[in-house]
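Participant: Fold the stuff below for me.
(chains A and B)
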2 protein chains.
Amino acid sequence: MTTHWVKRLGCAAALLALCITLSARAADDPLPSWNDGATKQGIIDFVGKVTKEGGPDFVKPEERVATFDNDGTLWIEQPLYNQFVFAIDEVKKQANQHPEWATKEPFKSVLAGDMKAVAAMGEKGMLEIVAATHSGMTTVDFNNSVKQWLETAKHPRFKVLYTDLVYQPMLELLAYLRANGFKTFIVSGGGVEFMRNFAEKTYGVPPEQVIGSSGVTKYQMWDASPALVKEPKVFFVDDGPGKPEAINRVIGRQPIFAFGNSDGDKEMLEWTAAGDGLRFMGLVYHTDAAREYAYGPAGGLPDSKVGTFSQALMDEAKGKGWIIADMKNDWKTIFPPAKEAP
Amino acid sequence: MTTHWVKRLGCAAALLALCITLSARAADDPLPSWNDGATKQGIIDFVGKVTKEGGPDFVKPEERVATFDNDGTLWIEQPLYNQFVFAIDEVKKQANQHPEWATKEPFKSVLAGDMKAVAAMGEKGMLEIVAATHSGMTTVDFNNSVKQWLETAKHPRFKVLYTDLVYQPMLELLAYLRANGFKTFIVSGGGVEFMRNFAEKTYGVPPEQVIGSSGVTKYQMWDASPALVKEPKVFFVDDGPGKPEAINRVIGRQPIFAFGNSDGDKEMLEWTAAGDGLRFMGLVYHTDAAREYAYGPAGGLPDSKVGTFSQALMDEAKGKGWIIADMKNDWKTIFPPAKEAP
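Facilitator: All right, here's what the predicted structure looks like:
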């Protein structure tokens, strides 16, 4: 063999080794949908430190509690909270059983398709719609309605199922944390029973790790069998200060990792930060009008009624060194790859 | 070798094999503190059936939810609920901060040691004592008080720590279920925060699998730090119909296995029985005045204010084929072996 050929072979071997290294790196990347940068590195550094046995920041597996908001943190929340879209669809579906709705607000406007009028009625109108459509039935019947809706209803802009509009980078983050011994919880202002109909399949979060708002549910006989019947009465609102209160009541441990995206997550993040040792606090910042939506501080959607992320929270987050996941810059992809047609 | 010796050797080998088989059986017994009989066999048969892949009664691991009452089911509840003893001890401990208690009932009688007068005030007096001693402090301070009490307070009859008065057969049952893929939950009328101070260490049940009654807890600033402050207001009573309601809200799955010991567990047992497929419903029946206490239907302790197990519930249990764990006959030992002196 001439020296020439030896050099060529050596070069080929080096290239091959490089290829193997690069592909191994890509395969090893636990967060492939996150662009390289401070945000991704901040997550990886934190997980590395709290799982390093003998290290100064080591946390025992049973104390690795991670809590995530849902709307706007794990899945889309614009132009309306998805659960509210479900409630509106339920008003239409249940209308024939409620002739009184034809002349009674806010149902009258919903049935007339006048969403501007519904929006004008504010939170009160919204709560009335949710209460009316989430009660007077057993939990089994309610779950069936939610499942049916999730399998058929499509998002007005993206024209796909709502469960296709979860954030791929956050799915990877959930899986990465679990692979590192974390227990992942959802702690959301959304209805706990609503979320459980997709959380296990979509996020890998089992029902007993979903915490949310809830209505009063009464155990009683129903068609001669024991049943839990949903009443039109609020039991608990899992938002703002309600989040740490519910975390304490249901989980009984202080999280070491929390991710949110709005002012409703402020207390959960502060409560997480208040514990001893290394903590991770993160906020999803919706900056991508092209691929999703832009809202929050300096964002668009000024009329948005959902997902309020105030300048005050942004200032607090920056001042305290919390991680800001900027959708446009930090996320390579937003939604999971489209499923192939069956 | 003569035939004689061959026979002897053969016999020795057979005996040896028998010894090995017997000792392997004893080691394999997952419930060594349960006497052989229908109760123990009922448990083992149920677990065998629901874990047999491909069998008609197979239940997927994630749906193997087992719920246990605590007082009288997992640990002693006589002569008073242990948490109530803690509350009484707290009244004495906190008395110097509350001069008004010297003249105010029910505190006055507690401080005078007049438990008869306290008992005469019934549930109302009891709730007042619990509310007063379980509020006006952060959850951290409360947990510290409970831990200190658990490490020092002794049971009046058995003169050992309360956590030494858990039922050994039930500890084995919890471990046996977990070894078979079950998730074990406590669903008790007792305070959720009180129980979490020993449930993980004593029962192997982590905080997030403990469900109980709770008071209102408010997130607020306390000494310039975020804290959860306990208020003297009931949030939820996890007893009777409250048990299936809380199971639905917190676990979000119907149990396939439930164990209780009183009328307060009736709805949890009925709710468990109401699900599809094979279910296990069990009741601890306190029949052993010598080794523990005898109360409930046809039992002693007629004045007992706790752990009411009515004849009606016994009739229902027998009629529906629920398992009755008769302490005197089914349990070889009641409490774990005494710990060696340090």
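Participant: can I assume residue A:148 sits in a helix?
Facilitator: Yes: counting by DSSP: H, G, I helix; E, B strand; the rest coil, residue A:148 is part of a helix.
Participant: count of neighbours near it?
Facilitator: 12 (other Cβ atoms under 10 Å in any protein chain shown). Every residue, glycine included, has its C-beta placed from N, CA and C.
Participant: Kindly report the same for residue A:88.
Facilitator: 22.
Participant: Give the full set of residues in contact with it.
Facilitator: If you count contacts by Cβ atoms under 8 Å, 6 or more residues apart in numbering or on different chains, residue A:88 has them with A:110, A:118, A:129.
Participant: Backbone dihedrals for the closest residue to the second one other than its chain neighbours, please?
Facilitator: Take residue A:118 and drop its neighbours on the chain: the residue closest to it by Cβ to Cβ, 6 or more residues apart in numbering or on different chains is residue A:109, 5.0 Å away. Torsion angles at residue A:109 (phi, psi; degrees, to the nearest 10) stand at phi -70, psi -40.
Participant: again, but for residue A:175
Facilitator: In terms of degrees, to the nearest 10, the main-chain angles of residue A:175 are phi -70, psi -40.
Participant: Name the SS class of residue A:184, please.
Facilitator: strand.
Participant: Share the number of residues neighbouring it, please.
Facilitator: Quick note: residue A:184 (other Cβ under 10 Å) scores 22 neighbours.
Participant: Name whatever forms a beta bridge with it.
Facilitator: residue A:66 (DSSP bridges).
Participant: picking that back up, pLDDT, neighbour count and secondary structure for the contacts of residue A:88 - can I get that in TSV?
Facilitator: As requested, these are exported to TSV (pLDDT from 0 to 100; neighbours: other Cβ atoms under 10 Å in any protein chain shown; DSSP: H, G, I helix; E, B strand; the rest coil):
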residue	pLDDT	neighbour count	secondary structure
A:110	94	24	helix
A:118	87	23	helix
A:129	93	21	helix
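Participant: about what we covered before: neighbours of the residue nearest to residue A:118, how many?
Facilitator: So residue A:109, with other Cβ under 10 Å, has 19 neighbours.
Participant: try residue A:276
Facilitator: Counted with other Cβ under 10 Å, residue A:276 comes out at 7.
Participant: Which elements pack onto the helix or strand containing residue A:226?
Facilitator: Taking DSSP states H and E as the definition, residue A:226 sits inside strand A:225-236. Using 3 or more Cβ pairs under 8 Å, 6 or more residues apart in numbering or on different chains; DSSP states H and E, the elements in contact with strand A:225-236 are helix A:122-133, helix A:139-152, strand A:210-222, helix B:242-246, helix B:266-273.
Participant: of these, which approaches residue B:222 most closely?
Facilitator: strand A:210-222 (22.9 Å; Cβ to Cβ).
Participant: quick one on the thing from earlier: tell me how far the residue nearest to residue A:118 lies from chain B.
Facilitator: According to Cβ to the nearest Cβ, to the nearest Å, residue A:109 and chain B sit 32 Å apart.
Participant: ok, that residue - contacts?
Facilitator: A:115, A:117-118, A:121.
Participant: hmm, back to that, need the least confident one among the helices and strands packed on strand A:225-236, by mean pLDDT.
Facilitator: Across the helices and strands packed on strand A:225-236, helix A:122-133 has the smallest mean pLDDT, namely a mean of 88.
Participant: Same question for that one: list its buried residues.
Facilitator: For helix A:122-133, burial by neighbour count (16 or more other Cβ atoms under 10 Å in any protein chain shown) applies to A:125-133.
Participant: so where is chain A shaky, pLDDT-wise?
Facilitator: By pLDDT under 70, the low-scoring segments of chain A are A:1-27, A:299-307, A:339-342.
Participant: residues in it within reach of chain B, list them.
Facilitator: Residues of chain A found near chain B (Cβ under 8 Å from any Cβ of the partner chain) are A:62, A:65, A:139, A:183, A:192-193, A:196, A:200, A:206-210, A:214, A:217-220, A:225-228, A:235, A:241-242, A:244-245, A:248-253, A:267, A:270-271, A:274.
Participant: among those, which ones are buried?
Facilitator: A:65, A:139, A:183, A:192-193, A:196, A:200, A:206-210, A:214, A:217, A:219, A:226-228, A:235, A:241-242, A:244-245, A:248-253, A:267, A:270-271.
Participant: Which stretches in chain A count as helices?
Facilitator: A:3-28, A:38-50, A:82-94, A:107-111, A:115-120, A:122-133, A:139-152, A:168-179, A:192-203, A:242-246, A:266-273, A:311-320, A:327-330 (DSSP state H).
Participant: Just say which of these is most tucked in.
Facilitator: helix A:242-246 (a mean of 25; mean count of other Cβ atoms under 10 Å in any protein chain shown).
Participant: what's the closest non-adjacent residue to residue A:64?
Facilitator: residue A:182 (4.2 Å).
Participant: Report the contact partners of the one you found.
Facilitator: Residue A:182 neighbours (Cβ under 8 Å, 6+ apart): A:64-66, A:257.
Participant: Repeat that for residue A:207.
Facilitator: Residue A:207 touches A:196, A:199-200, B:251-253, counting by Cβ under 8 Å, 6+ apart.
Participant: again, only using 10 Å
Facilitator: Residue A:207 sits next to A:192-193, A:195-197, A:199-200, B:62, B:65, B:248, B:250-253 when contact means Cβ atoms under 10 Å, 6 or more residues apart in numbering or on different chains.
Participant: quick one on the thing from earlier: could the helices and strands packed on strand A:225-236 be laid out in TSV, adding distance to residue A:81?
Facilitator: Formatted as TSV, the helices and strands packed on strand A:225-236 follow (distance: least, Cβ to Cβ, whole Å):
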stretch	distance to residue A:81
helix A:122-133	9
helix A:139-152	14
strand A:210-222	11
helix B:242-246	25
helix B:266-273	31
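Participant: what's the closest of the ones you listed to residue A:290?
Facilitator: Per Cβ to Cβ, nearest to residue A:290 of the helices and strands packed on strand A:225-236: helix A:139-152, 26.4 Å.
Participant: Now do the closest one: distance to the chain's middle.
Facilitator: Put simply, helix A:139-152 sits 19 Å off its chain's centre (Cα atoms, centre = their mean, to the nearest Å).
Participant: CA-only coordinates of stretch A:227-242, as CSV, when you get a sec.
Facilitator: Presented in CSV, the C-alpha positions along stretch A:227-242 are these (Å, rounded to 0.1, in the frame of the first residue of the first chain):
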residue,chain,number,x,y,z
ALA,A,227,-72.0,6.4,41.6
LEU,A,228,-70.2,9.7,41.9
VAL,A,229,-72.4,12.5,40.6
LYS,A,230,-71.0,15.8,39.6
GLU,A,231,-72.7,18.9,41.1
PRO,A,232,-72.6,22.4,39.7
LYS,A,233,-70.6,23.7,42.7
VAL,A,234,-66.9,24.6,42.8
PHE,A,235,-64.9,22.4,45.2
PHE,A,236,-61.4,23.9,44.7
VAL,A,237,-59.7,26.3,42.3
ASP,A,238,-56.2,25.0,41.6
ASP,A,239,-54.7,28.3,40.5
GLY,A,240,-52.4,31.0,42.0
PRO,A,241,-52.0,30.3,45.7
GLY,A,242,-54.2,27.3,45.3
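Participant: so how far is that stretch from its chain's centroid?
Facilitator: With Cα atoms, centre = their mean, you get 19 Å for stretch A:227-242.
Participant: quick one: contacts for the closest residue to residue A:284 other than its chain neighbours?
Facilitator: Among residues not flanking residue A:284 along the chain, residue A:261 sits closest, at 4.1 Å (Cβ to Cβ, 6+ apart). For residue A:261, the contact set (Cβ under 10 Å, 6+ apart) comprises A:68-74, A:77, A:282-286, A:295-296, A:307-309, A:313, A:325, A:327.
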